[in-house]
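Visitor: What would the 3D arrangement of this be:
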Amino acid sequence: MDGLLARQKALAHRLQALEARYDMPLSISFSARLLTPLSAMFCVNRLTALSFPTPVIGSVVDVKSERPAPAVADVKAVPSTAKPAAIASASASGGAAAGSSGSGGDVSGPLPAVCKAMPPGKGDSAVTTKLVALCNQLKLATCEFRRVPSSYYDWPLEHRRHCLEAVSVHQLCKTIIMTNTKWEPQLSTAYSGDAKAAVTKPGKGSTEVDVREYRDVSYSRYYAIIVQYSAKLNKEKLIKLTRGLRSGAANTPAVVSKKKFNYRLAEEQINDLLSGYAHNAVCPLGMRHEIPIIMSDRALEANLKLPYIWLGGGEVDVKWKVSPAELCTKMKVIVGDITYADGESESTAGGGGEGGDN
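Guide: Just a heads-up that it's a prediction; the model follows:
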């Protein structure tokens with residue numbers, strides 16, 4: 001226990017340093033990795049912080065109502081700045097990972113031109129204009145959009161990094177939607193009292209989905225996953241994290257059997273229906289259905305050295321720059337260990353992985 005408390009104290013000091021550096025309050029409730037077997041962290045707004053082991057996750061959560069609706073307003077986006085001296089060296093280490101991650105390619109070739117940022121507070125299309133308005137509603141200090149060339153996804157990570165003027169390839173992230181193919185409605189608190197509920201699949205061309213399928217954050221049929229391109233999703237760790245969202249305490253929903261979990265990348269139709277975005281364009285902001293969001297702890301930990309990440313921006317050729325710490329505090333994001341460790345493979349770890357761009 002002394003070792004766990006020491007880890008908690010050390011991480012708390014790191015978070016305090018981050019708060020001071022970016023003048024932004026962070027509130028994190030710890031479970032799994034530090035204090036309990038839950039193996040997850042919750043980053044939420046300080047006013048609505050969840051605190052484990054209090055069993056609040058097992059109840060029906062209206063995720064959609066907790067996020068502001070789009071509004072036509074300007075936002076003062078933070079333009080690109082020069083690389084901080086303290087982290088400029090990260091570019092070199094990030095470049096080494098580019099050759100073994102992402103779409104590959106010849107990193108020795110000429111670097112592409114830098115992609116220009118859209119004017120602060122303005123989008124250049126209906127989609128980007130809506131997302132800029134949402135950034136304003138959430139009062140995000142870091143919000144920038146850039147349009148990239150159509151050949152972007154054919155480039156190695158190092159070339160993508162240069163195009164976006166990122167410090168390291170570890171700042172390049174994607175959002176993928178995962179489906180639990182063994183999900184059962186009777187085990188979800190959102191279906192309480194509906195003993196005859198059956199698993200259904202939206203028909204071709206469907207524009208509707210039963211919102212109860214994702215209202216129980218502790219056992220949702222779908223999750224939006226934010227992970228770095230330089231890392232690989234470990235589905236066994238994802239199962240461990242989501243199973244741990246229920247504490248098993250008295251008078252709370254029972255912990256779901258591991259047999260009721262099997263994560264797969266969502267089919268294209270489901271991806272488009274839930275997110276409202278096409279493949280390679282998924283953005284956690286402004287999704288059609290506000291399904292629970294899980295972020296790899298690596299993306300958040302990188303924020304201690306790298307103040308922002310790049311995600312899909314709602315269109316295939318648009319990228320969104322945002323602070324992962326802000327994303328956590330403003331959008332109730334679940335954070336946990338869901339990727340393979342450095343040097344670990346599927347065969348040694350025993351978990352399946354998911355790749356693909358987005």
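
Visitor: Which secondary structure element of this structure has the lowest mean pLDDT?
Guide: Across the helices and strands of the chain, the lowest-confidence element by mean pLDDT, DSSP states H and E is strand 28-30, at a mean of 35.

Visitor: and residue 172, what are its bridge partners?
Guide: Assessed by DSSP bridges, residue 172 has beta-bridge partners residue 310.

Visitor: can you count the residues close to it?
Guide: Other residues within reach of residue 172 by the criterion other C-beta atoms under 10 Å amount to 24. All C-beta spots, glycine's among them, are computed from the backbone N, C-alpha and C.

Visitor: same deal with the one 5 residues further on?
Guide: Residue 177 sits with 23 neighbouring residues when counted by other C-beta under 10 Å.

Visitor: what does residue 234 give?
Guide: Residue neighbour count, defined by other C-beta under 10 Å, stands at 25 for residue 234.

Visitor: Help me confirm that it comes into contact with residue 338.
Guide: Yes: judged on C-beta atoms under 8 Å, residue 234 makes contact with residue 338 at a distance of 6.2 Å.

Visitor: got a list of what residue 145 touches?
Guide: Residues touching residue 145, when contacts are defined by C-beta atoms under 8 Å, 6 or more residues apart in numbering, comprise 77, 117-118, 123, 128, 131-132, 313, 318-321.

Visitor: Let me know the helix or strand that it is in.
Guide: Taking DSSP states H and E as the definition, one finds residue 145 inside strand 144-147.

Visitor: If we go by neighbour counts, what in the following helix or strand past that strand is buried?
Guide: Going down the chain from strand 144-147, the next helix or strand is helix 157-164, by DSSP H and E. When neighbours are counted by 16 or more other C-beta atoms under 10 Å, the buried residues of helix 157-164 are found to be 157-164.

Visitor: Which member of the residues you listed is positioned nearest residue 245?
Guide: Using C-beta to C-beta, residue 157 is the member of these that lies nearest residue 245, at 31.6 Å.

Visitor: ok, the closest one to residue 339 distance?
Guide: Taken as C-beta to C-beta, to the nearest Å, the spacing of residue 157 relative to residue 339 amounts to 16 Å.

Visitor: returning to what we had before: as CSV, the buried residues of helix 157-164 with pLDDT would be great.
Guide: Below are the buried residues of helix 157-164 laid out as CSV (pLDDT from 0 to 100):
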residue, pLDDT
157, 95
158, 95
159, 95
160, 96
161, 95
162, 95
163, 96
164, 96
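
Visitor: Show me which of those is closest to residue 230.
Guide: Each of the buried residues of helix 157-164 was scored against residue 230 by C-beta to C-beta, and residue 157 proved nearest at 6.8 Å.

Visitor: count of neighbours near residue 120?
Guide: Using other C-beta under 10 Å as the criterion, residue 120 is surrounded by 15 other residues.

Visitor: Tell me if I am right that it is in a helix.
Guide: No: using DSSP: H, G, I helix; E, B strand; the rest coil, the secondary structure at residue 120 is coil, not a helix.

Visitor: Return the distance of it relative to residue 135.
Guide: Summarising the geometry, the distance separating residue 120 from residue 135, computed by C-beta to C-beta, is 11 Å.

Visitor: Apart from its neighbours in sequence, what residue is nearest residue 212?
Guide: With sequence-adjacent residues excluded and distances taken as C-beta to C-beta, 6 or more residues apart in numbering, residue 212 is closest to residue 190, at 3.9 Å.

Visitor: Could I get the buried residues of helix 157-164 in CSV, plus columns for distance to residue 276?
Guide: Below are the buried residues of helix 157-164 laid out as CSV (distance: C-beta to C-beta, whole Å):
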residue, distance to residue 276
157, 27
158, 31
159, 29
160, 24
161, 28
162, 30
163, 25
164, 23
